[in-house]
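**Q** sequence unavailable; structure follows:
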C-alpha cells in the first residue's frame, strides 16, 4: 500500500541520504496530498543534487499544487537552464501562463512542448483548450487542462473524465485519511479532508451490521439530505468512496456514477501497489 | 407518545413485504427505545451500529453543505438496513430482506418519524 511505500522510501533515504530515492518519496507524498512534506523532501534532495533537473521539475509541480505559481515558474525556468528542450518544463510554463491569462505565451510554450513530445496527448489537449480560451478571451477556470498529473487540488488524478471528478468524489482509507478526489461545498470550500475524517470506520460498521443481520456483503450506503445526496461504496476492503450530487440527480444515477468512480479507484490503487 | 404507541407505529412498518423488523433507537447512545419483530436480529448491536453510521453520515452531509439526512440506506447482497432520523434524537431503523420495496418502507418510516415529531 502507499503508506508502506512511503515508510519504505523514507527508511531507504535515511539509510543513504545521498540516494535519489528522495524523488520517489517526494512524488509519493505529493500524490497523497502531503505537499508540505513533499516540498521539504525535494528541497533537501536539491541541497545534495542541485543540478538534477528532475528534482527541480518535481519541485515545480509541488509548488504549482500549492498555488505558488511564481516560485513554480522559477523552478521550471531552472529546469530549462539545466536541460534545454525539456518538454515537461515547456508544458509546465504553458500551464502557468494559461493560469495568468497570457494565452499567447501559453500557446508558444505548449507548441514548443508538442514539438519536443509530439506523441503526448495531454499537451495536445492543452493546446486545444488554450486556443478555445484564447478565442473567447475568458479567464481560465480553476483547473487547467494541461496538468494531467493531478486534479488541481494537489491530489492524485484518479477520476479523470468523471463528471465532478475533483469536486464531488472522495476516496479515503479505512482510517479516514484522504487518498484522492475532492469535495467542494457551494461556498467553494474543499471539505474533503473533513468528510474523510468523519467517515473513518464507516466501512467496518457497515460490514459488521450486514454480518450481524446475515445480509451478506454490503454494497452501498446512501444518504438523502436536504440539499443533495451522497452515495458511498467500498472499492476495496481497505477503502471507501463517496460521491455527492444535488437532489436533481436520481439516486440510481448517483449509484451508477459511484460504481464507475470505484472502478477507477481500484485501477489506481492497483497501479499504486 | 409512549412506548406502546411507538411499537404500534413500528408494526405498521413491518407490514411492508420483506421488512424483517423495525426499531427506534436513540441517536446518541444507540439504545433501543422501541421495536417490532426484531426477535433473533441482535437488535442491540444493530441499533448501536445504525446510530453510529447515521451520525457519521449526518456529520458528512452537514460538512458538505447538504443539510441533514432524511433517509439512509445500507444496501447489501441479501437485504438492507434503512434509517430515518426522527425528532427527539431518535432514529427509526428497519431491517429488510432482498427485493424489499425501499420506497414503500421509506414512506412508512417517515410516517413514524412524523408521529414522533
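**A** It's in. Owing to the predicted nature of the structure, the values given are computational and were not obtained by experimental measurement.
**Q** residue A:171 is in contact with residue A:239, correct?
**A** Yes - if you go by Cβ atoms under 8 Å, residue A:239 and residue A:171 touch, sitting 6.1 Å apart. Any C-beta I mention is one placed from the backbone N, CA and C, and that applies to glycine too.
**Q** compare those two (neighbour count), which wins?
**A** residue A:171 (27 against 21; other Cβ atoms under 10 Å in any protein chain shown).
**Q** now do the helices in chain A.
**A** A:2-15, A:21-31, A:35-48, A:53-65, A:69-82, A:87-99, A:103-116, A:121-136, A:192-198, A:202-212, A:251-272 (DSSP state H).
**Q** check which residues of the fifth one are buried.
**A** Meaning helix A:69-82. Across helix A:69-82, burial judged by 16 or more other Cβ atoms under 10 Å in any protein chain shown covers A:69, A:72-73, A:75-76, A:78-80, A:82.
**Q** how about the residues of chain B near chain A?
**A** Chain B comes close to chain A at residues B:41-42, B:45-46, B:49-50, B:52-53, B:56-57, B:59-61, B:63-81, B:95, as judged by Cβ under 8 Å from any Cβ of the partner chain.
**Q** so what sits against both of residue A:239 and residue A:171?
**A** Common neighbours of residue A:239 and residue A:171, using Cβ atoms under 8 Å, 6 or more residues apart in numbering or on different chains, are A:179, A:265.
**Q** could you confirm whether any residue of stretch A:228-240 contacts chain B?
**A** Yes - using Cβ under 8 Å from any Cβ, stretch A:228-240 comes into contact with chain B via A:228-230.
**Q** out of the residues you listed, who's nearest chain B?
**A** Proximity of these to chain B (Cβ to the nearest Cβ) peaks at residue A:228, which lies at 4.0 Å.
**Q** tell me who's in contact with that closest one.
**A** Residue A:228 is in contact with A:244-247, B:61, B:64, B:66-67, counting by Cβ under 8 Å, 6+ apart.
**Q** for it, grab phi and psi.
**A** phi 170, psi 180 (degrees, to the nearest 10).
**Q** swap in residue B:74?
**A** Phi and psi for residue B:74, reported as degrees, to the nearest 10, are phi -100, psi 110.
**Q** what does the pLDDT read for it?
**A** At residue B:74, the model reports a pLDDT of 93.
**Q** residue A:210 is in contact with that one, correct?
**A** Yes - with contact defined as Cβ under 8 Å, residue B:74 reaches residue A:210; the gap is 7.1 Å.
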